[in-house]
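**Q** Show me the folded form of this:
(one chain, ligands or ions: 2)
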Amino acid sequence: MSVLKYKRVLIKLSGESLCEKGGSGIDPAAAKLTAEKIKEAMQAGSDIAVVIGGGNLLRGAALSSSSDMIPRNVADYMGMLATVINASALCEALKSVNAPSAVLSALPVKALNEEFTAAAAEKHFEAGEAVILAGGTGNPFFSTDTCAALRACQIRAGLIVKATKVDGVYTEDPIKNSEAKLIEKISFSEIIANDLKVIDHTAMTLCRENNIPLRVLNMFKDGNITKAVQGESVGTEISA
Ligand SMILES: Nc1ncnc2c1ncn2[C@@H]1O[C@H](COP(=O)(O)OP(=O)(O)O)[C@@H](O)[C@H]1O
Ligand SMILES: O=c1ccn([C@@H]2O[C@H](COP(=O)(O)OP(=O)(O)O)[C@@H](O)[C@H]2O)c(=O)[nH]1
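**A** Ligands and ions are numbered 1, 2, ... in the order given. Below is the predicted model of the structure:
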């Protein structure tokens, strides 16, 4: 049997992994495709945790800035609840492809999930389940990227994979500038110093302090997530 590069990997999945490309809401077919990718990554042998975003349903900053009605504090709780909805969708999608999983939430909903603790996560890893982490950090003014960094520290993950809509970190936003160049390897400090927006800078600081490497890759390309979990170079590596 081959030796695992990482005993445990945390995958940060964009909320948009659960809807049609460029769309919103939850599309069962898209959720199933994403579940197949997580199942494939689980079969590579590492323990898999998934932090799911909520951007397909609601982003707090965008909602609160669109009018004076909903303050950011409330809008962010709404965003965190969106991740709880997504976690249930992902859990059911994993069930439909025969991949066992459990949802642990920072904002627990009794009928659907358990409260997140590192010890509860450990119990589910031991049972061979993917652990879906819902509700973000449980605090407004944070993002699910920062939640991924925080939870990776708590569960002692050896790698974070940010599975997103672009191929990795570019010199500039590739959606806005088609001339932007893909970067193969970059440090946490360079992401912050160059103000690259692909990932939240609070997450970068936490990863740097705790020396947890990260890979940013395109979630729509088959095999990408599994390759990263197996330690292959795909997308962009962010490290110290
Ligand atoms: N330097 C950059 N490199 C790559 N993507 C960037 C960069 N700057 C901005 N982006 C944008 O960041 C987006 C990913 O961040 P975000 O929308 O928060 O993703 P997610 O929903 O996966 O958390 C990409 O779709 C891209 O348009
Ligand atoms: O710890 C957290 C994580 C998330 N959110 C809220 O939940 C929304 C959805 O998360 P995110 O935007 O990170 O989702 P993604 O872009 O990854 O789909 C955010 O916009 C925030 O409003 C929050 O307040 N605290």
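
**Q** switch to C-alpha atoms for all contacts and neighbour counts from now on
**A** Noted.

**Q** So which bits of the protein are right by ligand 1?
**A** 14, 55, 164-166, 168-175, 196-199 (Cα under 6 Å from any ligand atom).

**Q** Can you say which helix or strand has the residue nearest to residue 59 when sequence neighbours are not counted in it?
**A** Residue nearest to residue 59 in three dimensions, not counting chain neighbours: residue 79, with 5.5 Å by Cα to Cα, 6 or more residues apart in numbering. For residue 79, the enclosing helix or strand under DSSP states H and E is helix 72-96.

**Q** same check, this time on residue 217
**A** Assessed by DSSP H and E, residue 217 sits inside strand 214-218.

**Q** now do residue 64
**A** Going by DSSP H and E, residue 64 is in helix 60-65.

**Q** Can you list the buried residues in that helix?
**A** Neighbour-count burial for helix 60-65, counted by 16 or more other Cα atoms under 10 Å, picks out 60, 61, 63, 64.

**Q** now swap in stretch 202-222 and tell me
**A** Within stretch 202-222, judged by 16+ other Cα under 10 Å, the buried ones are 202-208, 211-220.

**Q** residue contacts, residue 53?
**A** Contact analysis of residue 53 by Cα atoms under 8 Å, 6 or more residues apart in numbering lists 12, 13, 14, 15, 16, 83, 86, 136, 144.

**Q** Any idea what the first one is bridged to?
**A** In this structure, residue 12 has the following beta-bridge partners (DSSP bridges): residue 51, residue 162.

**Q** is it true that residue 164 touches residue 224?
**A** No. Between residue 164 and residue 224 there is no contact under Cα atoms under 8 Å: 10.9 Å.

**Q** overlap in contacts of these two?
**A** Overlap of the contact sets of residue 164 and residue 224 (by Cα under 8 Å, 6+ apart) consists of 217, 218.

**Q** what's around the closest residue to residue 207 other than its chain neighbours, how many residues?
**A** Nearest non-adjacent residue to residue 207, counting by Cα to Cα, 6+ apart: residue 149, 6.0 Å away. Close neighbours of residue 149, defined as other Cα atoms under 10 Å, add up to 28.

**Q** about what we covered before: neighbouring strands - and their directions - for the strand holding residue 217?
**A** Counting by DSSP bridges, strand 214-218 is paired with strand 159-164 (parallel), strand 236-239 (antiparallel).

**Q** Burial-wise, tell me which of those comes out on top.
**A** A comparison of the strands paired with strand 214-218 by mean neighbour count, using mean count of other Cα atoms under 10 Å, puts strand 159-164 on top with a mean of 25.

**Q** how about the helices in the protein?
**A** Using DSSP state H, the helices found in the chain span residues 28-43, 60-65, 72-96, 118-126, 144-155, 188-193, 201-210, 224-229.

**Q** Redo the ones you listed as JSON lines? Include distance to residue 132 and mean pLDDT.
**A** Below are the helices of the chain laid out as JSON lines (distance: least, Cα to Cα, whole Å; pLDDT from 0 to 100):
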{"stretch": "helix 28-43", "distance to residue 132": "11", "mean pLDDT": "98"}
{"stretch": "helix 60-65", "distance to residue 132": "21", "mean pLDDT": "98"}
{"stretch": "helix 72-96", "distance to residue 132": "6", "mean pLDDT": "98"}
{"stretch": "helix 118-126", "distance to residue 132": "9", "mean pLDDT": "98"}
{"stretch": "helix 144-155", "distance to residue 132": "11", "mean pLDDT": "98"}
{"stretch": "helix 188-193", "distance to residue 132": "25", "mean pLDDT": "98"}
{"stretch": "helix 201-210", "distance to residue 132": "19", "mean pLDDT": "98"}
{"stretch": "helix 224-229", "distance to residue 132": "16", "mean pLDDT": "98"}
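
**Q** Any chance of a markdown table for these, columns distance to ligand 2?
**A** Conversion of these to a markdown table gives the following (distance: least, Cα to the nearest ligand atom, whole Å):
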| stretch | distance to ligand 2 |
| --- | --- |
| helix 28-43 | 13 |
| helix 60-65 | 3 |
| helix 72-96 | 3 |
| helix 118-126 | 16 |
| helix 144-155 | 4 |
| helix 188-193 | 18 |
| helix 201-210 | 11 |
| helix 224-229 | 16 |
